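**Student:** return a 3D structure for these sequence lines:
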Amino acid sequence: MIRLLRKTVATPSPLISIDPSACERVDISVVGREIEDHVKRLFRGSLAIRQVDAGSDNAAEQELVALSNPFYDVERFGVHFVASPRHADMLMATGPVARNMAEALRRTYAATPDPKFVVALGDDAIDGGIFRGSYAVYDAVKNVIPVDYEIAGDPPSPRAILCALLKILETIGANSLN
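**Tutor:** I've put the predicted structure just below:
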């Protein structure tokens, strides 16, 4: 874990845009077992994610909630959604950043312990989506806090989120070995 922390601090985080259509026919249990292996190795068995709604239309949140249903059940793979950023390893932001949510997002980012990984989930979080250019939003999450990874989709399906999470964990693992 210390080696991962040193590597994360020393290396600038890669910005990877992950195509959700890449895993439409992938078996969820296979992806889940791979996620579980990476989580055990990198995070000692439990990846804690704090999800922040920065001003979305709740489409991405519904897909994240679906990850906890009996079909996907991400808890069995060691992925947990936590209520406090102080307990999180990863910050997952959804929606374009509304002007009234920018400070809350900054504070949540500041409260998340290092090493932290920030994921912009959905097209709205990546570039503002249909809300881009509105007076009421700052558009992308990366305009407010640093973003390490992006998961494209409007909204991305639970299957696409799992595949993208696997790709993110593979990238984190590869960076920790260098």
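**Student:** remind me which residues of this protein are low pLDDT?
**Tutor:** 1-22, 176-178 (pLDDT under 70).
**Student:** show me what the strand ranked longest in it is packed up against.
**Tutor:** With secondary structure taken from DSSP state E, the chain has its longest strand at strand 47-53. On a contact count with 3 or more C-beta pairs under 8 Å, 6 or more residues apart in numbering; DSSP states H and E, strand 47-53 meets helix 59-66, strand 79-81, strand 90-94, helix 102-111. Every residue, glycine included, has its C-beta placed from N, CA and C.
**Student:** so how far is the third one off the chain centroid?
**Tutor:** Strand 90-94 sits 5 Å away from the centroid of its parent chain (C-alpha atoms, centre = their mean, to the nearest Å).
**Student:** what does the last one give?
**Tutor:** Relative to the chain's own centre, helix 102-111 is displaced by 15 Å; criterion: C-alpha atoms, centre = their mean.
**Student:** with stretch 133-152 instead?
**Tutor:** For stretch 133-152, the distance to the chain centre is 13 Å (C-alpha atoms, centre = their mean).
**Student:** list the buried residues in that stretch.
**Tutor:** Using 16 or more other C-beta atoms under 10 Å as the test for burial, stretch 133-152 gives 137-142, 144-145, 147-152.
**Student:** give me the three-state assignment for Glu150.
**Tutor:** Following DSSP: H, G, I helix; E, B strand; the rest coil, Glu150 is assigned to strand.
**Student:** that one and Val119, how far apart?
**Tutor:** The gap separating Glu150 from Val119 is 7 Å, by C-beta to C-beta, to the nearest Å.
**Student:** and Glu103, by the same measure?
**Tutor:** Here Glu103 is placed at a distance of 20 Å from Val119 (C-beta to C-beta).
**Student:** between the two, which one's more packed in?
**Tutor:** Neighbour totals were compared for Glu103 and Val119, and Val119 leads with 24 against 10 (other C-beta atoms under 10 Å).
**Student:** tell me the secondary structure at the more buried one.
**Tutor:** Note that with three-state DSSP, the state of Val119 is strand.
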